[in-house]
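Colleague: quick one: sequence plus predicted model below, questions after.
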Amino acid sequence: MDRMLRTGFETAGAGTSSAGGVSVLSERTNSERRRDDGGADSPSGVLVGVSPVLSTISAPDARAHAVSSAEHLGLLHVLVVDDDEAVRKACCEIAAGMGFEVVGAESATAARAILKQRRIDLLLLDLKLPGGGGLPLLEQVKALHPEMAVIVMTAFATVSSAVEAMRIGAGDYLTKPFALEELTAVLERTGQQLHMDVQSRQLRERLRTQQGMGGLVGRSPEMEKLYRILSKVAYSTHPVLILGESGTGKELVARSIHFNGPNAAKPFVPVDCGSLVPTLIESELFGHVKGAFTGADRAKEGLLASAEGGTVFLDEIGELPLDLQAKLLRALQEKEVRPVGATQARPISARVLAATNRDLATMVEQGRFRKDLYFRLNVVNLRIPPLRDRREDIAVLATHFLKQMEKETGVERSFSDSMLRTMAEYDWPGNVRELENAIERACALSSGPVLHLGDLPTQLQNFRMQQGPAIHAVEEDGMGRETVGASQGGGIVSIAEMERQAILGTIRQLKGDKLMAAKLLGIGKTTLYRKLKEYGITEGMGD
Ligand SMILES: Nc1ncnc2c1ncn2[C@@H]1O[C@H](COP(=O)(O)OP(=O)(O)OP(=O)(O)O)[C@@H](O)[C@H]1O
């Protein structure tokens, strides 16, 4: 065992032996004693594993300091392995104060037993353990639990073993004696890293379980082609230009590229170039220094810099004014931005993805978009086809949105055949967004578990009407099967007959819901009942 360390805690431990040997508590005593002696406080704060050098931080202060600096750490499990009881207990106390769940072990054997029984996320390991030391334990841990974070503790004399430990897989090391701040800093750093690792693992798991890929739903050949390109570009750093009509999922594709890439844990910063106030676009994108313009009462970081190693998604890039296109190009080429009013540029490290529903090539020809910027952004392009060109995705997407609503509302619903048919035939000019909104609306309006035509927005109902009586004139063939209403007189159907077929067909489709049928047909309830009376139908029709 390291002599300096033992000496330190023998002294420090004096005040704690009966109280469980928590060294920080004893240091408080020492601190007080030192102050009484007129000694100066150590500028380095509490030292762990060293003789009573004392400090400006008392035990409760130390804990408060640790807790406040790491409040955001969730429940991570720490195992402290050190045969020196005082050091072990001090580390346990500090880590517990930071919000970790902590357990201590005095030997490699005790540590192995604990590792077999419970989940450990972070191992704080003294390399100088009796009976073989900590390196064999570290090797074993890394082989069995490669995701476990390890911080090794070592004495000056054995720094070479710390190097060896890092080679085996330790993430950090502390040289004894170390200050409280060093321990809290390394624990906090490692804790944050662990959180990021866990989050990105969870995210990837979530993405993998979706139909389609990366949160994108759809199994049409067009989408399969898109997924193939997407999985390739996700791991590169090239700019990608995402093209597609409004609502086709350009932002979702951008997110998917980011969250499937190596920097998924870094920020994803969407910038809607179309909605930025023209006079503020430059400062929004590049930032500004204090006093750069009236109202700039403090410096502000720009969106390009704030992504810090992550992804900036420039949506509606076609809307960016020409002068800012030039500045953006310079920023991308030089990999640095100059905040408004600044004399110095600052480096940027984010990947850039851009999207537009405009025809950028034509805009370039017309001189409305810079050719050099177009080439810069268009290293790889991904074109998302409109929904009408991949109709097989409509039902899959509709079902996906219905399931989402089910999760939100707890109500299980299904589509009527006629609603599904209408959705499959409609052109969806607003693409997936329009479909998503239509399903949400239908769920909000519907009174029963089956969603009907009448629950769809007016444009879809009008579309259905324009398609002629085919669906509305659904009649039964006497065997309970739906058939399209037969026309009479060589394909010519009288208006009265069309009306009759439309009314009866709709009521049947809606399983007798006359109120909804009237709503869908755009006639009053009284008119509907009068018509039914004319047809000689006064009851039935499914109700
Ligand atoms: N393939 C898909 N799978 C699941 N949801 C999708 C898909 N495509 C789009 N969406 C959903 O449709 C909505 C619109 O998508 P998004 O905002 O990505 O479209 P966009 O092309 O960026 O639209 P705009 O051009 O108007 O900005 C979002 O709620 C998105 O989650």
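Modeller: It's in. Residues are numbered from 1 along each chain as shown.
Colleague: pLDDT below threshold where in the stretch 101-250 of the chain?
Modeller: Low-confidence segments of the stretch 101-250 of the chain (pLDDT under 70): 132, 156-158, 198-214.
Colleague: ok and the residue in it nearest the ligand?
Modeller: Nearest to the ligand in the stretch 101-250 of the chain, going by C-beta to the nearest ligand atom, is Gly249, at a distance of 2.5 Å. All C-beta atoms are positioned from the backbone trio N, CA, C, and that covers glycine.
Colleague: relative to Ile229, how far out is that residue?
Modeller: Noted for Gly249: a distance of 14 Å to Ile229, by C-beta to C-beta, to the nearest Å.
Colleague: who's more crowded, those two?
Modeller: Ranked by neighbour count (other C-beta atoms under 10 Å), Gly249 and Ile229 place Gly249 first, with 25 against 16.
Colleague: counting neighbours, what do you get for Ser236?
Modeller: Under the neighbour criterion other C-beta under 10 Å, Ser236 is assigned a count of 14.
Colleague: contacting residues for it?
Modeller: With contacts defined as C-beta atoms under 8 Å, 6 or more residues apart in numbering, Ser236 is in contact with Val380.
Colleague: chain neighbours aside, what residue packs nearest to Ile229?
Modeller: Leu382 (5.8 Å; C-beta to C-beta, 6 or more residues apart in numbering).
Colleague: wait, a helix at that neighbour?
Modeller: No - when DSSP: H, G, I helix; E, B strand; the rest coil is applied, Leu382 is found to be strand, with no helix at that position.
Colleague: what's the pLDDT at it?
Modeller: We have a pLDDT of 93 for Leu382.
Colleague: bridging residues for it?
Modeller: Taking DSSP bridges as the rule, Leu382 bridges to Ile242.
Colleague: quick check, it in contact with Ser256.
Modeller: No - in this structure, Leu382 is not within contact of Ser256 by C-beta atoms under 8 Å, at 10.2 Å.
Colleague: overlap in contacts, those two.
Modeller: Leu230.
Colleague: of those two, which one has the most company?
Modeller: Neighbours were counted for Leu382 and for Ser256 using other C-beta under 10 Å; Ser256 has more, 23 against 20.
Colleague: you'd agree the more buried one is in a strand?
Modeller: No - with three-state DSSP as the criterion, Ser256 is assigned helix and is not in a strand.
Colleague: measure it to Val269 for me?
Modeller: For Ser256, the distance to Val269 - C-beta to C-beta - is 16 Å.
Colleague: low-confidence stretches in this structure?
Modeller: 1-74, 132, 156-158, 198-214, 468-495, 536, 538-543.
Colleague: around the ligand, pick out the residues from it.
Modeller: Residues of the chain lying close to the ligand (C-beta under 6 Å from any ligand atom) are 216-218, 244, 246-252, 315, 357, 397, 432-433, 436.
Colleague: show me which residues of stretch 343-355 are buried.
Modeller: For stretch 343-355, a neighbour-count test (16 or more other C-beta atoms under 10 Å) marks 348, 350-355 as buried.
Colleague: that should have said stretch 75-83, apologies.
Modeller: 76-83.
Colleague: picking that back up, among the residues of the chain next to the ligand, name the buried ones.
Modeller: Buried among the residues of the chain next to the ligand by 16+ other C-beta under 10 Å: 216-218, 244, 247-252, 315, 357, 397, 432, 436.
Colleague: mind listing which of the residues you listed are in strands?
Modeller: The strands, defined by DSSP state E, take in Asp315 from these.
Colleague: ranges for the strands of the stretch 401-543 of the chain?
Modeller: For the stretch 401-543 of the chain, applying DSSP state E, counting those that start in this stretch gives strands covering 414-415, 450-451, 474-476, 482-484.
Colleague: check contacts around Thr311.
Modeller: The neighbours of Thr311, taking C-beta under 8 Å, 6+ apart as the test, are 254, 257-258, 261, 263, 266-269, 350-353.
Colleague: which one of these is nearest to the ligand?
Modeller: Ala254 (7.7 Å).
Colleague: for that closest one, give me its contacts.
Modeller: If you count contacts by C-beta under 8 Å, 6+ apart, then Ala254 has 240, 242, 268, 270, 311, 313, 315, 353, 355 around it.
Colleague: what residues are up against the second one?
Modeller: Think Ile242. 250, 253-254, 353-356, 381-382, 384.
Colleague: repeat for the first one
Modeller: Residues near Val240 by C-beta under 8 Å, 6+ apart: 233, 254, 257, 353-354, 379-382.
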